[in-house]
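Trainee: generate coordinates for the sequence data below:
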Amino acid sequence: MTDSPFPAGEYNDDVHVIHHNDQTIILIGTAHISPESVQLVKKVIEQEQPDCVCLELDDKRYQALTQKKKWQSLDLKEIIKNKQLATLLVSLLMASYQKRLGTSLGVTPGAELLAAAQTANSFQIPISLCDRDVRITLRRAWKSTSFFKKIYLLSSLLVSVFDRTEITEEKLSELKQKDVLTELMDEMGESMPTMKRVLIDERDLYLAEKIKASHGKRIVAVVGAGHVEGIKKTLPVDHRDKIAEISTIPPVSKGYKFFGWAIPLLILGSIAAIGYQKGGTVAGENMIYWILANGIPAAGGALLALAHPFTIIGAFLSAPLTSLTPVIGAGYVTAFIQVMTSPPKVREFESAGEDIATFTGWWKNRLLRVFLVFLLTGLGSAIGTWVGGVEIFKNLVH
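Mentor: Residues are numbered from 1 along each chain as shown. Model prediction:
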């Protein structure tokens, strides 16, 4: 914009100046729940008047921060069809955890990013959204994690959400110095290195490349403190050839596909073998056992979630069939029926962050009840598949 010195001011240790080719990048490391970070980003942008302000946001998160009615555009039916309920649940749990910490600090999560955007707009400075699509990030993380690690992740997030331990002043001081996502990774990172790679390392690379590609020679970039060192390390290296790879969702592995079809084929083959060895009547009895073993626990899960009666019936009817295919699970079928028969209201979307932190909120909030239906029906169906499969194999060999 001008030939004035850049940077023109002196700042604290959260501000890093990086020279790359003909660009000068002021990298601000923030805590997403820190009031000090809000003031810092406003001060730097106002004083430096950069050519561009880069934000650790993608378009979806930017819209969520800047638009009050963001929930009205969320299509639950489409999310269920695309099998993204689990990633939406993880996103809600993380947002609730972040909001609880932010409440303790007296600041809205992401306030410093919103302040950066508003300050840039007030001076008509272009904004560059430099983060990877959050849906891709969560789905890559989910797909790269084993089944048991997924259970561990969900349980860890649930524990953090329901934890009512008072946050000490010392802990609050620590949180002001680091990104909330980094705090979560500190707690789980050692046992979940793949999750850290997707959530932190890949995004460091992505952010660095997008910052370098932004307009202008004088750039201010606002990112979480947990990304600063990774970005500084990655910036000097050209990683443009890796962007396409880390911007796609990996396909289902061949091993998963094999086992996904092998188990249903074994069960159907066993019933056919029983019919060949012991007659159609015995095979029919085993088929009925399979239907009841799957249908009853799945329907029981839906009932426990206080699902709509049509959802409970749908659970009983769908579980014996969905257990014989890896294409779709009973949880997704019943979640779709629940959304159709008892759709959440807009206010329930908006209050989900608070309701998710209370035990009764999961049943009172229709959105969270959809998740309960999804989880409990899926669990019931999995139990039924195990019980029914074991019984059929026993009947085959005896």
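Trainee: for the one helix or strand residue 136 maps to, C-alpha coordinates in PDB please.
Mentor: Element membership for residue 136, per DSSP states H and E: helix 134-143. Taking Å, rounded to 0.1, in the frame of the first residue of the first chain, the C-alpha atoms of helix 134-143 are listed here in PDB:
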ATOM      1  CA  VAL A 134     -13.200 -28.000   7.800                       C
ATOM      2  CA  ARG A 135     -15.400 -30.800   6.400                       C
ATOM      3  CA  ILE A 136     -12.400 -32.300   4.500                       C
ATOM      4  CA  THR A 137     -10.200 -31.900   7.600                       C
ATOM      5  CA  LEU A 138     -12.700 -33.800   9.900                       C
ATOM      6  CA  ARG A 139     -13.400 -36.500   7.300                       C
ATOM      7  CA  ARG A 140      -9.700 -37.100   6.600                       C
ATOM      8  CA  ALA A 141      -9.100 -37.300  10.400                       C
ATOM      9  CA  TRP A 142     -12.100 -39.700  10.800                       C
ATOM     10  CA  LYS A 143     -11.100 -41.900   7.900                       C
END
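Trainee: would you mark the buried spots in it?
Mentor: Taking 16 or more other Cβ atoms under 10 Å as the neighbour-count basis, helix 134-143 is seen to contain the buried residues 134-143. Placement of C-beta: from N, CA and C, glycine included.
Trainee: how about the strands in the protein?
Mentor: Along the chain, the stretches classed as strands by DSSP state E are 15-20, 23-30, 52-55, 127-129, 218-224.
Trainee: which helix of this structure spans the most residues?
Mentor: helix 366-397 (DSSP state H).
Trainee: what is that helix packed up against?
Mentor: On a contact count with 3 or more Cβ pairs under 8 Å, 6 or more residues apart in numbering; DSSP states H and E, helix 366-397 meets helix 85-105, helix 254-278, helix 280-304, helix 309-322, helix 330-341, helix 346-350, helix 352-355, helix 361-364.
Trainee: hey, least reliable of those by pLDDT?
Mentor: Of all the helices and strands packed on helix 366-397, the minimum mean pLDDT falls on helix 85-105 (a mean of 67).
Trainee: roughly how far out does stretch 356-367 sit from the chain middle?
Mentor: 19 Å (Cα atoms, centre = their mean, to the nearest Å).
Trainee: oops, could you answer that again for stretch 40-59 instead?
Mentor: Worked out by Cα atoms, centre = their mean, stretch 40-59 lies 26 Å from the chain centre.
Trainee: mind listing what's buried along that stretch?
Mentor: 40-42, 44-45, 48-58.
Trainee: among those, which two are most distant?
Mentor: 49 and 58 (25.5 Å; Cβ to Cβ).
Trainee: what ranges of the stretch 101-250 of the chain fall below the confidence cut-off?
Mentor: 101-109, 156-192 (pLDDT under 70).
Trainee: circling back to that earlier point, so the longest helix of the chain versus helix 330-341, what angle?
Mentor: Relative orientation of helix 366-397 and helix 330-341, computed by axes from the mean of the first three to the mean of the last three Cα atoms, to 10 degrees: 140 degrees.
Trainee: in this structure residue 261 contacts residue 327, no?
Mentor: No: contact criterion Cβ atoms under 8 Å: residue 261 and residue 327 do not qualify, at 9.5 Å.
Trainee: how about residues contacting stretch 292-302?
Mentor: With Cβ atoms under 8 Å, 6 or more residues apart in numbering as the test, stretch 292-302 has contacts from 311-320, 323, 330, 334, 373, 375-381, 383-385, 387-388, 391.
Trainee: ugh, typo on my part, it should be stretch 205-218
Mentor: Counting by Cβ under 8 Å, 6+ apart, 1, 6, 20, 22-25, 48, 50-52, 54, 56, 126, 128, 130-132, 219, 221, 223, 227, 230-231, 234-235, 239-240, 242-243, 246-247 sit against stretch 205-218.
Trainee: for it, which positions count as buried?
Mentor: In stretch 205-218, counting by 16+ other Cβ under 10 Å, buried: 205-212, 214, 216, 218.
Trainee: please list all residues in contact with residue 45.
Mentor: By Cβ under 8 Å, 6+ apart, the contact set of residue 45 is 53, 116, 119-120, 123, 125, 220.
Trainee: mind putting those residues into JSON lines with distance to residue 257?
Mentor: Below are the contacts of residue 45 laid out as JSON lines (distance: Cβ to Cβ, whole Å):
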{"residue": "53", "distance to residue 257": "45"}
{"residue": "116", "distance to residue 257": "44"}
{"residue": "119", "distance to residue 257": "50"}
{"residue": "120", "distance to residue 257": "47"}
{"residue": "123", "distance to residue 257": "53"}
{"residue": "125", "distance to residue 257": "49"}
{"residue": "220", "distance to residue 257": "46"}
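Trainee: out of the residues you listed, which are buried?
Mentor: Buried, going by 16+ other Cβ under 10 Å: 53, 116, 119-120, 125, 220, out of the contacts of residue 45.
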